[in-house]
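Q: From the sequence below, what's the structure:
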Amino acid sequence: MTGSVTKTEPITEGDDFVDAKAQSVAMAKAKTDLKSATNAAAIGSRAVAVTPDLKDGHPVASVSFAKGDKLQTATQPLD
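A: Just a heads-up that it's a prediction; the model follows:
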């Protein structure tokens, strides 16, 4: 309920490691931070998830947000 982190673990292998490396590459190319991208995509809504990625070589953020009783996803450029 507080939003605080209670535990962290290093990611050293598997699909989570591959995904983390891809997200790191996307953020290295980004000129916009995830918070700004999330705010731009989820205006008037509550953001529930954001994931950086590369699309056609450009960094983007996939932002999932609750709007009313529906969950929606929008893609926001990070470059």
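Q: where along the protein do the helices fall?
A: Using DSSP state H, the helices of the chain run over 14-29, 34-41.
Q: among those, which is nearest residue 69?
A: Distances from residue 69 to each of these were compared using C-beta to C-beta; the minimum, 18.8 Å, belongs to helix 34-41. For the C-beta atoms, the positions are set from N, CA and C on the backbone; glycine is no exception.
Q: what does the closest one contact?
A: When contacts are defined by C-beta atoms under 8 Å, 6 or more residues apart in numbering, helix 34-41 is touched by residues 27, 47, 50, 52, 61, 63, 65, 74, 75, 76, 77, 78.
Q: what's the burial count for the fourth one?
A: Going back to what we said before, that points to residue 52. By other C-beta atoms under 10 Å, 22 other residues sit near residue 52.
Q: Could you tell me how far it is located from residue 70?
A: Residue 52 sits at a distance of 24 Å from residue 70 (criterion: C-beta to C-beta, to the nearest Å).
Q: go on, residue 10?
A: Look at residue 10 and residue 70: by C-beta to C-beta, they are 36 Å apart.
Q: between those two, which one's more packed in?
A: Between residue 10 and residue 70, counted using other C-beta under 10 Å, the more crowded position is residue 70 (8 against 5).
Q: Show me what the more buried one bridges to in the sheet.
A: residue 67 (DSSP bridges).
Q: any weak-confidence spans in the protein?
A: Within the chain, the segments meeting pLDDT under 70 span 1.
Q: hmm, try it at 90
A: Applying pLDDT under 90 to the chain flags the ranges 1-6, 42-44, 46, 67-69.
Q: who wins for proximity to residue 3 among the helices of the chain?
A: With respect to residue 3, and counting by C-beta to C-beta, the nearest of those is helix 34-41 at 14.4 Å.
Q: Skipping its backbone neighbours, what lies nearest residue 46 in space?
A: If you skip the residues right next to it in sequence, residue 46 has residue 66 as its closest partner in space, 4.8 Å away by C-beta to C-beta, 6 or more residues apart in numbering.
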